[in-house]
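Colleague: Sequence first, predicted coordinates after that:
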Amino acid sequence: MSQANIKYVRNMAGEALFQAEGSDVYVSLGHMKSFSTNSEPTVDNIYSSISGNRVKSDVDTTEVNESGTCVLRETGARQLAMAKLAVQGQLVQTARTGVIRSGTNAKAGYTIDLGLAVTSLTATDGTDPLVLGVDYDLDAAAGLFTFLVDQAEWDISHGNAAITASDNLSVIGALSAPQGTRGRLILVQRQKRGPTRVKWSGKVVIWPNGEIMWHEDEGAKVDVPLKFDVIEDATQPIGRRFSVIEEIPNT
């Protein structure tokens with residue numbers, strides 16, 4: 001019989017790793033605020049009145065379900081894709097030159113999206129050049145041109161750089177993976193308290209679990225709330241087809 005051990009009162013904090021379906025490797029989901037699981041049976045109560053009073057004589061488990069939640073603290077592409085029911089795609093863009101845009105009656109504060117990676121730009125009021133920092137502002141990487149003063153007429157000519165796979169940028173199209181993100185999830189306890197620590201693993205479908213607050217005035221960091229269902233992994237032997245908790249010696 002195991003003895004009581006105060007060292008088993010511990011913080012199970014660690015790192016979550018995810019292997020997407022079809023992939024051969026696990027990638028880190030980064031720093032986490034929380035990780036929890038819940039095993040929930042559906043029970044059918046069986047009553048008998050053989051003694052005269054109807055009493056609960058037995059119970060029968062008819063369904064079992066394991067699920068969980070986690071809150072990620074990092075907002076990388078893989079984390080955001082899970083929270084937006086999205087495929088993490090490769091961002092690519094063809095180079096462009098001499099793109100012309102014109103208009104009238106622009107008010108101070110109006111913004112135009114010129115596309116990503118603006119590399120060249122000429123802006124005029126129809127006759128005279130507009131001055132960066134005086135007449136307009138430009139976020140070249142995001143491609144956002146903002147008027148700083150009213151302009152009755154305006155003309156913009158711009159170019160954009162190519163974006164290729166070697167740039168290693170992602171595009172996340174919300175709802176492009178409406179069936180959730182499938183794969184294997186691992187959580188490894190990093191705190192070496194007590195004689196052992198644990199490794200949790202299971203095959204899961206990951207879903208969003210609430211809103212992402214992109215900004216609030218007090219400066220709190222963005223969290224990515226997720227939930228998951230543990231599903232059967234038929235590649236594993238009987239008894240290990242759902243989540244598994246393994247003890248690891250602290251050496």
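Modeller: Arrived safely. For clarity, every value in this text was computed on a predicted model and none was experimentally measured.
Colleague: what's in contact with stretch 22-35?
Modeller: 12-13, 15-20, 68-74, 76, 78-79, 183-184, 186-187, 223 (C-beta atoms under 8 Å, 6 or more residues apart in numbering). In short, each C-beta sits where N, CA and C put it, glycine included.
Colleague: do the same with stretch 162-182
Modeller: With C-beta under 8 Å, 6+ apart as the criterion, stretch 162-182 contacts 20-21, 77, 80-82, 84-95, 116-117, 203-207.
Colleague: Let's see that with 10 Å instead.
Modeller: Contacts to stretch 162-182, defined as C-beta atoms under 10 Å, 6 or more residues apart in numbering, come from residues 18, 20-22, 76-78, 80-96, 115-117, 119, 161, 203-208, 226-229, 231.
Colleague: Would you mind giving me the PyMOL syntax to select the buried ones in these?
Modeller: One line in PyMOL is enough to select the buried members of the contacts of stretch 162-182, burial here meaning 16 or more other C-beta atoms under 10 Å:
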select buried, resi 18+20+77+78+80+81+82+83+84+85+86+88+93+96+115+116+117+161+203+204+205+206+207+208+226+227+228
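Colleague: Among the contacts of stretch 162-182, which ones are in helices?
Modeller: The members of the contacts of stretch 162-182 that map onto helices under DSSP state H are 77-78, 80-83.
Colleague: Closest to Thr42 out of those residues?
Modeller: Lowest distance from Thr42 to these (C-beta to C-beta) belongs to Met82, with 27.4 Å.
Colleague: I'd like to know how far Val188 sits from Thr181.
Modeller: Remark: distance between Val188 and Thr181 (C-beta to C-beta, to the nearest Å) = 20 Å.
Colleague: Hmm, I typed the wrong one, I wanted Ser28.
Modeller: When Ser28 is compared with Thr181 (using C-beta to C-beta), they lie 15 Å apart.
Colleague: likewise Lys56?
Modeller: 41 Å.
Colleague: Looking at these two, which one has more neighbours?
Modeller: In this view Lys56 and Thr181 are compared by other C-beta atoms under 10 Å, and Thr181 has more residues nearby, 23 against 9.
Colleague: ok, what's across the strand from that one?
Modeller: Ile206 (DSSP bridges).
Colleague: How about Leu121?
Modeller: The residues listed as beta-bridge partners of Leu121 by DSSP bridges are His158.
Colleague: thought Pro195 was touching Asn250?
Modeller: Yes. With contacts counted by C-beta atoms under 10 Å, Pro195 reaches Asn250, the gap being 6.0 Å.
Colleague: Quickly list what's touching both of the two.
Modeller: Going by C-beta under 10 Å, 6+ apart, residues that sit against Pro195 and also against Asn250 are Lys7.
Colleague: returning to that earlier point: please indicate which of the contacts of stretch 22-35 are buried?
Modeller: Going by neighbour count (16+ other C-beta under 10 Å), the contacts of stretch 22-35 have 16-20, 68-70, 72, 74, 78-79, 183-184, 186-187, 223 buried.
Colleague: Tell me which of the residues you listed fall in strands.
Modeller: Mapping the buried ones among the contacts of stretch 22-35 onto strands (DSSP state E) picks out 16-20, 68-70, 72, 183-184, 186-187.
Colleague: so who does Glu40 touch?
Modeller: Residues in contact with Glu40, defined by C-beta under 10 Å, 6+ apart, are 63-67.
Colleague: what is the closest residue to Arg78 other than its chain neighbours paired to in the beta sheet?
Modeller: Of all residues not flanking Arg78 in the chain, Gln88 sits nearest, at 5.8 Å (C-beta to C-beta, 6 or more residues apart in numbering). Beta bridges link Gln88 to Ile172, judged by DSSP bridges.
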